[in-house]
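Asks: Provide a 3D model corresponding to the input given below.
(one chain, ligands or ions: 1)
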Amino acid sequence: MALSLPPASGVDSEPPGLLQPPDEHNRRLVAQVHPPDWVNPTPKARYHLVVIGAGTGGLVSAAAAAGLGGRVALVERHLMGGDCLNVGCVPSKGVIRAARAWLDAAAARDQFGGPTASGDGSFAAAMERMRRIRADIAPVDGAPRFRDLGVDVFLGHGRFIAQDALEVGGAILRFRRAIIATGARAVAPPIPGLENAGYHTNETIFSLTALPRRVVVIGAGPIGCEMAQSFARFGSQVTVVNAAGQILPREDADAAGIVERRMQREGVRFVHGSTVSQVERRGDESVLHVEWEGHPERLFADALLVAVGRAPNLEGLGLEAAGVRYDGRGVTVDDRLRTSNRRVYAVGDINGKFQFTHNSDFQARYAIQNALFFGRRKLSTLVMPWCTFTSPEIAHVGMYEASARAAGHDVDTLTIPLEENDRARLDGEGEGFLRVHLEQGTDRILGATLVAEHAGEMISEITVAMVNKIGLGGIGAAIHPYPTQAEIFRRAADIWRRGKLTPLVRRAFAGFFRVFQ
Ligand SMILES: Cc1cc2nc3c(=O)[nH]c(=O)nc-3n(C[C@H](O)[C@H](O)[C@H](O)COP(=O)(O)OP(=O)(O)OC[C@H]3O[C@@H](n4cnc5c(N)ncnc54)[C@H](O)[C@@H]3O)c2cc1C
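Replies: The predicted structure follows:
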């Protein structure tokens, strides 16, 4: 049974959400993110800021503006915290952590001579842990906290009715400025039979309490790969159906190759370059008819996860009434995050620039400064890191070699294998590399890719350097504790420094050592 979300009083709230099971943890979650007894406040005559959507982008916008003393309204039609808290980063990383622990239990025995464990793990317990932690985190994003911050929280569907007004559940919210932060949602490809057969997306997969024996994932992007590897580690037979020729097509091909080979070793099967022509429901299982290498093949699934991309939440927003332009990628914004209506800004997934929580967070900070304080913060100045949380992780910041060249840079690229790092070898985590792209002949970092078990934690060293215009030489000047995997950055600096020695300088050093024997 799904936990239904009763409409807040006087509000045309969305149909019931699908938070399952209706246990103590999900009740605690809902009590924060869509309190059943919530009463919308009486609107103020005019707000300095109205924010539509209470995911990361909306929450950060509302908290920042209210913290500075503005009159702020925040409108959310479903779950405060948006995708990240409820059906995205938080539950996925909880699942990934549990799956990693399960694999580590086997590795303890196989690689480290640890005690032999027997018996099956409890998938239900792993998922319950995730739900518990999600509910523990929820108050930070919850409606009560935002009310206490001085924000008027309206639960219901928001739609513009004029250039400077929005309607929610019959209440009219007039504004000086508005921020659209309505995010994105999973899309399903138009495969015959898919809708009838039923499938999971990120909105339902985290509600599972029993481990599916056979999982088929359509799509090999970050979400597809993270979930495929996790379910394989839990013990499901996992097949990934992928239209492209490699997984994680946006990433460095060598980096993606390492992750793909690891996933294959862990039992994930990839059906690359394939198309699904039909899906059928037969009893409790789904049958996928796949064209692969010119041959038809059938795949059987107890759970089917669709992870092929995301579409912006534009519908029913009344953008025409507000004079806000949009296209298939989302709301159109300029470099200062302003829409075609000068009172209205758009941040996060809805503007289609990047789709990460930290992006929504930073865009919101920029939008607040630009919208309320005559700021001139530019989207194009953001140095954006990201990470795919597979094992090993792939973290990236800045440009790739090809994008740097396309932008007119001459590029020097350094690649340092992780197996040269003592700590990585001792940890049994030598699979990976650091690849740094430098402006040719200088130590200016244009971008970097890191493949390592905890690459997401480590990439910030490069991001900090890039933001503060510290070159690779500057990173090398900092002592890194031995033995740590982060020493790989200092090693890259050493290699760069050695390469900098001109033949003349080399000859001068050689002469020096000949004299002082
Ligand atoms: C499975 C998964 C894993 C992910 N993992 C990561 C990760 O590890 N790291 C990372 O950085 N990113 C991750 N992401 C991406 C991240 O979740 C999103 O980039 C982020 O949530 C976007 O925040 P947002 O505020 O722009 O939009 P959202 O979080 O989507 O919030 C938008 C909100 O607007 C509401 N809304 C929409 N229309 C209306 C309306 N008309 N009226 C009122 N409310 C409305 C929605 O209900 C929603 O709550 C993941 C995503 C998924 C799906």
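Asks: how many other residues sit next to residue 315?
Replies: By the criterion of other CB atoms under 10 Å, residue 315 has 11 neighbours. Using the backbone N, CA and C atoms, a C-beta is placed for each residue, glycine as well.
Asks: and residue 459, how far is that from residue 324?
Replies: Distance, residue 459 to residue 324, using CB to CB, to the nearest Å: 35 Å.
Asks: residue ranges in the protein under the pLDDT threshold?
Replies: 1-18, 501-506, 508-510, 512-513, 515-517 (pLDDT under 70).
Asks: outline the domain layout of it.
Replies: 43-81+142-186+311-381, 89-129, 194-308, 392-503 (automatic domain parsing).
Asks: distance to residue 28 added to those domains, as JSON lines?
Replies: JSON lines is the format used below for the domains of the chain (distance: least, CB to CB, whole Å):
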{"stretch": "domain 43-81+142-186+311-381", "distance to residue 28": "10"}
{"stretch": "domain 89-129", "distance to residue 28": "13"}
{"stretch": "domain 194-308", "distance to residue 28": "16"}
{"stretch": "domain 392-503", "distance to residue 28": "28"}
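Asks: most packed of the ones you listed?
Replies: Stretch with highest mean neighbour count among the domains of the chain: domain 43-81+142-186+311-381 (a mean of 21; mean count of other CB atoms under 10 Å).
Asks: in a helix, residue 73, correct?
Replies: No: using DSSP: H, G, I helix; E, B strand; the rest coil, the assignment for residue 73 is strand, not a helix.
Asks: quick one, which of the domains of the chain gets closest to the ligand.
Replies: Proximity to the ligand (CB to the nearest ligand atom) singles out domain 43-81+142-186+311-381 among the domains of the chain, at 2.0 Å.
Asks: gap between the two ends of the closest one?
Replies: 37 Å (CA to CA, to the nearest Å).
Asks: and if you look at stretch 19-28?
Replies: Stretch 19-28 end-to-end distance (CA to CA) = 11 Å.
Asks: the nearest residue to residue 482 once chain neighbours are set aside: what's it in contact with?
Replies: Take residue 482 and drop its neighbours on the chain: the residue closest to it by CB to CB, 6 or more residues apart in numbering is residue 422, 7.5 Å away. For residue 422, the contacting residues are 482-483, 487, by CB atoms under 8 Å, 6 or more residues apart in numbering.
Asks: keep only those of those residues that are in strands.
Replies: Using DSSP state E, no member of those sits in strands.
Asks: take these and lay them out in a markdown table including distance to the ligand.
Replies: As requested, the contacts of residue 422 are exported to a markdown table (distance: CB to the nearest ligand atom, whole Å):
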| residue | distance to the ligand |
| --- | --- |
| 482 | 30 |
| 483 | 28 |
| 487 | 26 |
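Asks: about what we covered before: residue 34: which of the domains of the chain is closest?
Replies: Judged by CB to CB, the one of the domains of the chain that comes nearest to residue 34 is domain 43-81+142-186+311-381, at 5.5 Å.
Asks: any residue of that closest one up close to the ligand?
Replies: Yes: residues of domain 43-81+142-186+311-381 contacting the ligand under CB under 6 Å from any ligand atom: 52-58, 75-79, 157-158, 181-184, 313, 316-317, 348-350, 355-358, 360.
Asks: so which of those residues are in helices?
Replies: 56-58, 357-358, 360 (DSSP state H).
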